[in-house]
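Undergrad: Show me the folded form of this:
(2 chains)
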Amino acid sequence: MRMQPNAQFDGQPVPEGAAATAIELSEASVTFGRGDRAVPALSKTTLKIADGEFVALVGPSGCGKSTILRLVSGLVQPTSGVVIVGGREVAARAMRVGMAFQNPTMLPWMTIERNIMLPLKIVEPFRSSFRKLRKTEFRDKANALLEQVGLKGFGSRYPWQLSGGMLQRANLCRALIHEPRMLLLDEPFGALDQFTREELWAILQNLWMMHKPTVLLVTHDLREAGFLASRICVMSARPGRILDDSRVEFARPRTVAMTFEPEFVALNQKLRTFIEDARSAAEQGTG
Amino acid sequence: MFGIDIRQKAWSAGLIVLFFVAWELFCLMTGMSDLVLPRPSQVFLTLYQRFPVLWPHIVQTLATTMFGFVLGVALGVALGAIIGVSKTAYDTCYPLLIGFSSIPKVAVVPIFVLWFGSGTVPAVLTALSICFFPIVVNIATGLATTEPELEDVLKALGASKLDILWNVGLPRTMPFFFASLKVAISYAFVGAVLSETVASNRGIGNVMMTASSNFNVPLVFAGLFVLAGLGVALYVVFSLIEGRVTGWATRKNDVIAT
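TA: Take a look at the predicted model:
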């Protein structure tokens, strides 16, 4: 599916050369519950993401970052405003999206390759030929992805035989197996130790450079955002809205050593200030 | 691993043999009358001699148990799936289910007899009504514990409720299901024998009733042994099936982490 060019939208920076828009939120807001118990999760947010961009969403916890992901994936409907994904307004049935959460949720009764092939069992056009191809083409596809994340030969293992970092790599494979144009990641590396996390940054960067999906990454880790993203959006405290939107211009492939260079540290500092301001503003607001 | 397993089994077998030997010795030393407590050797002898007579009753009890059990499983799975998938159905049905399950099933047998006459039908129905509850509870619990993240991942792919139920919900329920089957088959057995004891002219329960009114105590005990044997056999069958189908749930013990 190709993205429809959508040039008349204004407000957010659009990368030079890329005209097609993958995700577009205009004045989208989300409120959970009704009446007295209504909780505003996201206040009128406008965000435009181009096809193939890698965008990181950072902000204080509970600020509606995950709500944006759920909006884009079609799991949540906007209370007001419009969400357009891949040129269509998001309806109940979502487009081809790959998702990964902090919890890898591999099914314990299946081998890793069968786990990774699960989306093929559900998404067309793979679904109709799943029975025929699961032992040949689809399995090769799963194993090719496993090789790309450094898990060659682990396809026939069961999830309990793998470490947390390995499971999270398998999780990325499962999110990518059906060739989604869009990858939605909700703190995928949050539960990992620092070294494993850095290792997975490099793997995810590789996958992105190879497959070029549009990525929306929710994270708490500012270094992670700086390392991976081509654009970082900072959100305010609940109900969230976007405070700052800046491009990250460092050359790729980026390395962990690079995250200690002055320029990178300066970017980190800038983001940190934004988030601290947002937090203190929220405290004054509620207190 | 293997050695420990064998030794464990040897201990279990030893304990069973010891139990019977102690029983035998106790009867011999106290000169216990076989109208009160027959010796195991007498019981086994009676069992051997009367086996041709007992056999049709064994078949009868086994058949009613299995029939009631199969119906109970079908009903239990259907009901469990409904209340496991829908929170509303769960909240609505649960009080009624608890009410049904807390009725002592002995009290229901006379009603079944009133409706269907004595014999096979009340036995099947008692077996059914006593065994379906653990299945409902376990299926519902299994379905309700599906990880929300995984559900989101699949929903974002456009998976229907049925897709999720089929690929994730039902397989996840299997360990719960088989654990409940082991309980349910024993319950069904109890239900069938109970009903036979109260109102039937066939089945092991009836044999034991008749034998005890004739003061044929060794035969009563022979019936008891048959019941124990059948109960163990059914339990073993379902344990073996469980091990084959849901081995993944218990295999976490021997992790080969790398």
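
Undergrad: and the next element down the chain from the lengthiest helix in chain B?
TA: Taking DSSP state H as the criterion, chain B has its longest helix at helix B:40-85. Moving toward the C-terminus from helix B:40-85, the next helix or strand (DSSP states H and E) is helix B:87-102.

Undergrad: Need the CA coordinates for that next one. PDB is fine.
TA: The C-alpha trace of helix B:87-102 is given here as PDB (Å, rounded to 0.1, in the frame of the first residue of the first chain):
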ATOM      1  CA  LYS B  87     -17.000  -9.900  31.300                       C
ATOM      2  CA  THR B  88     -20.700  -9.100  31.400                       C
ATOM      3  CA  ALA B  89     -21.600 -12.800  31.000                       C
ATOM      4  CA  TYR B  90     -19.200 -13.600  33.800                       C
ATOM      5  CA  ASP B  91     -20.600 -11.200  36.200                       C
ATOM      6  CA  THR B  92     -24.200 -12.200  35.300                       C
ATOM      7  CA  CYS B  93     -23.800 -15.900  35.400                       C
ATOM      8  CA  TYR B  94     -21.400 -16.400  38.300                       C
ATOM      9  CA  PRO B  95     -23.900 -16.100  41.300                       C
ATOM     10  CA  LEU B  96     -26.200 -18.600  39.700                       C
ATOM     11  CA  LEU B  97     -23.400 -21.000  39.000                       C
ATOM     12  CA  ILE B  98     -22.100 -20.800  42.500                       C
ATOM     13  CA  GLY B  99     -25.700 -21.500  43.700                       C
ATOM     14  CA  PHE B 100     -25.900 -24.600  41.500                       C
ATOM     15  CA  SER B 101     -22.500 -25.900  42.500                       C
ATOM     16  CA  SER B 102     -23.100 -25.600  46.200                       C
END
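
Undergrad: Which SSE is immediately downstream of that helix?
TA: helix B:109-116.

Undergrad: So what's the gap between that following helix and the chain middle?
TA: Taking the mean of its C-alpha atoms, helix B:109-116 sits 23 Å from the chain's own mean (Cα atoms, centre = their mean, to the nearest Å).

Undergrad: can you tell me if the lowest-mean-pLDDT helix or strand in chain A touches chain B.
TA: Lowest by mean pLDDT, DSSP states H and E among the helices and strands of chain A is strand A:88-89, with a mean of 72. No - on the criterion Cβ under 8 Å from any Cβ of the partner chain, strand A:88-89 is out of touch with chain B, staying 13.2 Å away. (C-beta placed from N, C-alpha, C; glycine too.)

Undergrad: Return the distance of that strand from the chain's centre.
TA: Going by Cα atoms, centre = their mean, where strand A:88-89 is centred and where its chain is centred differ by 19 Å.

Undergrad: The residue lying closest to B:Thr173 once chain neighbours are set aside sits in which helix or strand?
TA: Nearest non-adjacent residue to B:Thr173, counting by Cβ to Cβ, 6 or more residues apart in numbering or on different chains: B:Gly142, 3.1 Å away. Using DSSP H and E, B:Gly142 sits in helix B:120-144.

Undergrad: quick one: contacts of the helix or strand following that helix?
TA: Remark: after helix B:120-144, the chain's next helix or strand is helix B:148-156, criterion DSSP H and E. Residues outside helix B:148-156 that contact it (Cβ atoms under 8 Å, 6 or more residues apart in numbering or on different chains): A:70, A:73-75, A:94, A:97, A:99-103, A:105, A:107, A:118-119, A:122, A:174-175, A:184, B:163-164, B:167-168.

Undergrad: quick revisit: quick check: the residue nearest to B:Thr173 touching B:Arg172?
TA: Yes - B:Gly142 is within contact range of B:Arg172, at 5.7 Å (criterion: Cβ atoms under 8 Å).

Undergrad: Make sure A:Leu243 is indeed in a strand.
TA: Yes - under DSSP: H, G, I helix; E, B strand; the rest coil, A:Leu243 falls within a strand.

Undergrad: Run a quick neighbour tally on it.
TA: 17 (other Cβ atoms under 10 Å in any protein chain shown).
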